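> I need the structure of the sequence given here:
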Amino acid sequence: MTRMVYCQHLGRDAEGLPYAPWPGELGKRIFEHISQDAWNLWLQRQTMLINEYRLSPLDPQARTMLVEEMEKFLFAGGNAPPPGYKAPPED
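Numbers count the residues shown, from 1 in each chain. Take a look at the predicted model:
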């Protein structure tokens, strides 16, 4: 049976994540309040941020920035792309 959550990002009931995708209290909060669909949206946004800012996941400052952006994106409605970002053309 699918686990349902009220997704704070989407503002509706949706399928929950199968496990906490992040360690610690933040991971628990994501597991309890974020849907699989919203998490997938975050993964796309994270990829875009890594590419646009040329971040290295090995850099502690980059990881800190990504965690801050993740919290804003998932819980505070921070959906603005980086300054000067132009979406790739759709085929």
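> from here on, just use CA atoms for contacts and neighbour counts.
OK.
> look up how far R3 lies from R45.
24 Å (CA to CA, to the nearest Å).
> revised request: answer the last question for E90.
Taking CA to CA, one finds E90 at 34 Å from R3.
> so where's this protein shaky on pLDDT?
For the chain, the stretches flagged by pLDDT under 70 are 1, 79-80, 91.
> for whichever strand or helix holds T64, buried residues please.
Using DSSP states H and E, T64 sits in helix 60-75. Neighbour counts over helix 60-75 (16 or more other CA atoms under 10 Å) mark 62, 66, 69-70, 73-75 as buried.
> let me have those in JSON lines, extended by distance to A20.
Shown next, in JSON lines, are the buried residues of helix 60-75 (distance: CA to CA, whole Å):
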{"residue": "A62", "distance to A20": "21"}
{"residue": "L66", "distance to A20": "17"}
{"residue": "E69", "distance to A20": "18"}
{"residue": "M70", "distance to A20": "14"}
{"residue": "F73", "distance to A20": "17"}
{"residue": "L74", "distance to A20": "14"}
{"residue": "F75", "distance to A20": "16"}
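> and which of those residues is nearest to P21?
Taking CA to CA as the measure, P21 lies nearest M70 of these, at 11.8 Å.
> now the helices for this structure?
Assigned by DSSP state H, the helices in the chain fall at 24-33, 36-53, 60-75.
> middle-most residue in this protein, spatially?
W42 (2.7 Å; CA atoms, centre = their mean).
> please report how far that one lies from I30.
Distance from W42 to I30, by CA to CA: 11 Å.
> one more: G84?
Applying CA to CA to G84 and I30 gives a distance of 29 Å.
> out of the two, which sits in the busier spot?
The neighbour count for G84 versus I30, taken as other CA atoms under 10 Å, is higher for I30 (25 against 7).
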